[in-house]
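Participant: Below are the sequence and a predicted model; questions follow.
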Amino acid sequence: MKKLISLLLALTMLLALAACGGQTTAKPAESAVPSDSASAAPADDLTWGLTPFAERQTLRLGFFTGSPLSYPFLFADKLGVFDALNIDVEYTCFTGGPAMMEANAEWDLGSCGLGGLANGLYGYDFSLVDITDFEENIAIFVRPDSALAKDPKNPDNWKGAACVYPAGTTAQAVLAAYLQTIGLSLSDIESVNMDNSNALTAYKGGTGDVLICWNAIALSAEDEGFVRVADAGTLGFTAPCGTFATKNIMENNFDLVVTACTVFHKAVEWLYASDENKAQATEWYLEHCDEEGFLCTEDIAKRTIDWYRGPTTDEWIELFTKTSPDDAGLYTKRDLLEAEKDLLVGIDFFIGEGKYTAADRTRYLDDQRIDPSVALAAKDLLGK
């Protein structure tokens, strides 16, 4: 898994799921087809080699609509894997991580982007047990007839520009990273806080000079003719997304957490295994977006799935087992997990913006809030 740079301091169908109520400067990374792909299991083995629970289980998911960081759960459910393992899945859908954190009574596992992860680490006692995606398609757009489009590297064109984006998210971090490359900071622009979907609607209506958005919304902005001047991929800031487990499920149904996360990554492998699987995943993704009223088309759905680069099972386990020193040199009590280092890139950015403190950073690491226990249990379960 490629390392992330530091910023400003140092994610055969059997059952139908009842789902919950431009210019491109970078290409999506190619995902390798793993040797232990879920598709290598016998076609009729919908357990994917895992042992079904003796009693029916209920797994409540906090699900991020429109961002592929959550969707392998849905793909596995559509394939019938959870049913074969004697698990019922209930979905509560969100389009923002902080809102998901606030509604934590409604879910056992909640998957979101880096902004939501930072919020969850700070204000709640969840365990961060999984990395589900590394987002590269978080993009900065300008209007095609603007001075910004004609000369995007000119800092004078950016001073005072009204930038529309969801504050406290990786969109803000990506904007800050770009401004840094031209010698500016967030204090040099005007920030207009708006959620991902509404930001595009407002921008199309004439609000703001710059738009920062992600995934399907970014692709929609591109199709509207707005000019992509940079994105997380070109800036070297591939933001990790992940899954929290509540204290209750970790204490009372740990085996369900292990099974669910393992199924997620086997579903990632199923997705990568063939073009046919990608086509099926695209269909399910679009179907779910339509059900949730999330702006998407067939072409955008396909491109969104093409951009997705979630870890395989082996990559997930490595993220939570491989260690090395803190790149920022701030934490010396022990070496850090790769998952910790990846997440600290964004956390350090938010610390630099004054949202969190260095003491918070130390607390997360002292308490090992980025928890390897689920990945280690999956490693044992799979005999790896």
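Facilitator: Now that the structure is in, tell me what you want to look at. On a predicted model such as this, the values are computed, not experimentally measured, just so you know.

Participant: CA atoms for contacts and neighbours, from now on please.
Facilitator: Will do.

Participant: host element of the most centrally placed residue in the chain?
Facilitator: Centroid check for the chain by Cα atoms, centre = their mean gives residue 241 as the closest residue, at 3.1 Å. Residue 241 is part of strand 239-245, with elements assigned from DSSP states H and E.

Participant: Packing partners of that strand?
Facilitator: Other helices and strands packing on strand 239-245, by 3 or more Cα pairs under 8 Å, 6 or more residues apart in numbering; DSSP states H and E, are strand 109-112, helix 114-123, strand 127-135, helix 338-352.

Participant: 6 Å instead, please
Facilitator: Helices and strands touching strand 239-245, by 3 or more Cα pairs under 6 Å, 6 or more residues apart in numbering; DSSP states H and E, are strand 109-112, strand 127-135.

Participant: Just put those in a markdown table and tack on distance to residue 319 and mean neighbour count.
Facilitator: Shown next, in a markdown table, are the helices and strands packed on strand 239-245 (distance: least, Cα to Cα, whole Å; neighbours: other Cα atoms under 10 Å):
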| stretch | distance to residue 319 | mean neighbour count |
| --- | --- | --- |
| strand 109-112 | 17 | 29 |
| strand 127-135 | 8 | 27 |
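
Participant: Figure out which of those strands is closest to residue 194.
Facilitator: Smallest distance to residue 194 across the helices and strands packed on strand 239-245 (Cα to Cα): 17.5 Å, for strand 109-112.

Participant: pLDDT on that closest one, on average?
Facilitator: On average, the pLDDT along strand 109-112 is 97.

Participant: ok so, going back, could you say which one of the helices and strands packed on strand 239-245 comes nearest to residue 171?
Facilitator: strand 127-135 (10.8 Å).

Participant: What sits closest to residue 174 if chain neighbours are left out?
Facilitator: Of all residues beyond its chain neighbours, the one nearest residue 174 is residue 232 (6.0 Å), with distances taken as Cα to Cα, 6 or more residues apart in numbering.

Participant: Look up phi and psi at that neighbour.
Facilitator: Main-chain dihedrals, residue 232, degrees, to the nearest 10: phi -60, psi -40.

Participant: same deal with the one 5 residues further on?
Facilitator: Backbone torsions of residue 237, given as degrees, to the nearest 10, read phi -110, psi 80.

Participant: heads up, I number from 31, so please use that
Facilitator: Yep, numbering from 31; the last one is residue 267 now.

Participant: Need the pLDDT of it.
Facilitator: 84.

Participant: Kindly reformat the helices and strands packed on strand 269-275 as JSON lines and extend each row with distance to residue 289.
Facilitator: Listed next are these as JSON lines, based on distance: least, Cα to Cα, whole Å:
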{"stretch": "strand 139-142", "distance to residue 289": "12"}
{"stretch": "strand 157-165", "distance to residue 289": "12"}
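
Participant: how many other residues sit next to the residue lying closest to residue 148 once chain neighbours are set aside?
Facilitator: In this structure, residue 148 finds its nearest non-sequential neighbour in residue 377, 6.2 Å apart by Cα to Cα, 6+ apart. A count of nearby residues for residue 377, using other Cα atoms under 10 Å, gives 31.

Participant: what do you get for residue 321?
Facilitator: By other Cα under 10 Å, 12 other residues sit near residue 321.

Participant: And for residue 330?
Facilitator: 20.

Participant: for it, phi and psi?
Facilitator: phi -70, psi -40.

Participant: Residue 253 versus that one, what's the distance?
Facilitator: 9 Å (Cα to Cα, to the nearest Å).

Participant: cool, and residue 327?
Facilitator: In terms of Cα to Cα, residue 327 sits 11 Å off from residue 253.

Participant: now for the helix or strand where residue 221 lies, which elements pack on it?
Facilitator: Counting by DSSP H and E, the element that carries residue 221 is strand 220-223. For strand 220-223, the packing partners by 3+ Cα pairs under 6 Å, 6+ apart come out as strand 192-195.

Participant: ok and whichever helix or strand comes after the strand it packs on relative to strand 157-165, angle-wise?
Facilitator: Next helix or strand after strand 192-195 toward the C-terminus (DSSP H and E): helix 200-211. Here helix 200-211 runs at an angle of 60 degrees relative to strand 157-165 (axes from the mean of the first three to the mean of the last three Cα atoms, to 10 degrees).

Participant: circling back to that earlier point, contacting residues for the residue nearest to the centre of the chain?
Facilitator: By Cα atoms under 6 Å, 6 or more residues apart in numbering, the contact list for residue 271 reads 41, 142-144, 161-163.

Participant: Repeat the analysis, applying 8 Å as the threshold.
Facilitator: By Cα atoms under 8 Å, 6 or more residues apart in numbering, residue 271 lies in contact with 41, 99, 141-144, 147, 161-165.

Participant: Where do the domain boundaries of the chain fall?
Facilitator: Taking automatic domain parsing as the domain assignment, the ranges for the chain are 68-165+270-411, 168-265.

Participant: From residue 136, how far off is the nearest residue to residue 155 once chain neighbours are set aside?
Facilitator: In this structure, residue 155 finds its nearest non-sequential neighbour in residue 277, 6.7 Å apart by Cα to Cα, 6+ apart. Note on residue 277: its distance to residue 136, by Cα to Cα, is 13 Å.

Participant: What is the burial count for the closest residue to residue 402 other than its chain neighbours?
Facilitator: Once flanking residues are discounted, residue 402 sits nearest to residue 350: 5.1 Å by Cα to Cα, 6+ apart. Applying other Cα under 10 Å, we find 23 residues neighbouring residue 350.

Participant: With residue 346 instead?
Facilitator: Using other Cα under 10 Å, residue 346 has 24 neighbouring residues.

Participant: residues touching it, list them.
Facilitator: Counted by Cα under 8 Å, 6+ apart, residue 346 has contacts 160-161, 295, 405.

Participant: Of the residues you listed, which is the nearest to residue 207?
Facilitator: Distance to residue 207 across these (Cα to Cα) is lowest for residue 161, with 22.2 Å.

Participant: what about the residue nearest to residue 155, distance to residue 139?
Facilitator: Between residue 277 and residue 139 the computed distance is 10 Å (Cα to Cα).
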